[in-house]
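J.: structural data only, the sequence is not supplied:
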């Protein structure tokens with residue numbers, strides 16, 4: 001891919017995401033992320049961990065999670081604008097082998113949210129998971145929140161940048177093939193999207209305490225997979 005094409009694509013994506021959520025919706029999302037981190041995700045992250053968020057450009061997760069060392073991997077140079085001062089931002093391409101070698105065994109935790117569906121094919125997914133496996137320390141864990149095509153197929157492709165359909169079963173299969181051990185797998189966790197739906201931090205706090213509701217409303221999965 002030429003550098004010129006990469007620049008054009010980057011500008012397209014920046015415009016796409018800025019149009020997708022207006023400033024008010026982004027502020028509301030930030031409040032929801034605060035609850036999600038404090039009431040659920042922090043339970044899977046130790047405050048002494050070194051953690052990296054892959055593709056978390058707006059930093060809703062990495063800014064709010066408590067950990068000793070915090071990193072963000074995102075190709076968008078504007079990610080530095082959103083990152084708190086204690087976040088080390090790495091503008092690297094995870095498909096380049098040398099980046100995998102430079103970061104080998106560096107992290108206790110990796111977090112990825114709403115990223116895999118933007119990949120072009122299953123081969124790219126394997127590359128991403130292989131990258132994650134190699135940059136994790138032994139017994140380190142990968143945490144994933146991901147639209148589950150099995151329970152969100154009607155809405156999944158309403159977003160133009162969604163390309164790869166993934167279910168909890170296909171993700172479990174490829175994680176095990178790469179070498180991960182599945183610790184936690186929740187096929188139905190969060191609703192598919194907050195866009196266009198009434199939501200509030202108070203409602204989310206209640207929702208997270210009611211797993212029975214996840215089975216009715218959940219369109220996204222959660223998985224914690226560990227490197228032996």
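T.: Okay, I see it. The model shown is predicted, which means the values in this text are computed figures rather than measured ones.
J.: what's the neighbour count on residue 224?
T.: 18 (other C-beta atoms under 10 Å). Backbone N, C-alpha and C define where each C-beta goes, glycine included.
J.: average pLDDT for the helix or strand containing it?
T.: If you go by DSSP states H and E, residue 224 is part of strand 220-226. In this model, strand 220-226 has a mean pLDDT of 98.
J.: list the helices and strands it packs on?
T.: In terms of contacts (3 or more C-beta pairs under 8 Å, 6 or more residues apart in numbering; DSSP states H and E), strand 220-226 is packed against strand 136-147, helix 168-178, strand 181-186.
J.: right, and the helix or strand after the longest one?
T.: By that I understand strand 136-147. Following strand 136-147 in sequence, per DSSP H and E, is helix 149-152.
J.: for the shortest one, same thing?
T.: Downstream of strand 181-186, the next assigned helix or strand under DSSP H and E is helix 201-208.
J.: ok, and for that next one, which residues are buried?
T.: If you call a residue buried by 16 or more other C-beta atoms under 10 Å, then helix 201-208 has these buried ones: 201, 204, 207, 208.
J.: coming back round to it: check the helices and strands packed on strand 220-226 for me and report the most buried one.
T.: Among those, ranked by average contacts under mean count of other C-beta atoms under 10 Å, first place goes to strand 136-147 (a mean of 20).
J.: mind giving me the packing neighbours of that one?
T.: strand 107-113, helix 168-178, strand 220-226.
J.: could I get these as JSON lines with distance to residue 134?
T.: As requested, those are exported to JSON lines (distance: least, C-beta to C-beta, whole Å):
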{"stretch": "strand 107-113", "distance to residue 134": "10"}
{"stretch": "helix 168-178", "distance to residue 134": "10"}
{"stretch": "strand 220-226", "distance to residue 134": "14"}
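J.: one step back: out of the buried residues of helix 201-208, which is nearest to residue 46?
T.: residue 208 (20.0 Å; C-beta to C-beta).
J.: excluding chain neighbours, what is closest to that closest one?
T.: Nearest non-adjacent residue to residue 208, counting by C-beta to C-beta, 6 or more residues apart in numbering: residue 39, 5.0 Å away.
J.: same question, residue 94
T.: residue 131 (4.8 Å).
J.: where does that neighbour sit, in terms of helix or strand?
T.: Judged by DSSP H and E, residue 131 forms part of helix 122-135.
J.: flag every buried residue along stretch 43-50.
T.: Those would be 44, 45, 49, 50, for stretch 43-50 by 16+ other C-beta under 10 Å.
J.: ugh, wrong one, stretch 48-61
T.: Those would be 49-61, for stretch 48-61 by 16+ other C-beta under 10 Å.
J.: what about the nearest residue to residue 175 once chain neighbours are set aside, how many neighbours?
T.: In space, and not counting its chain neighbours, residue 175 is closest to residue 225: 4.8 Å by C-beta to C-beta, 6+ apart. As a burial measure, residue 225 scores 25 neighbours (other C-beta under 10 Å).
J.: show me the contacts for residue 119.
T.: With contacts defined as C-beta atoms under 8 Å, 6 or more residues apart in numbering, residue 119 is in contact with 125, 128, 163, 164.
J.: show me which of these is closest to residue 118.
T.: residue 163 (6.3 Å).
J.: so which strand or helix has the residue nearest to residue 149 when sequence neighbours are not counted?
T.: Setting aside the residues directly before and after it, residue 149 is nearest to residue 165 in space (C-beta to C-beta, 6+ apart), at 4.2 Å. Following DSSP H and E, there is no helix or strand that holds residue 165.
J.: right, I'll call it a day here.
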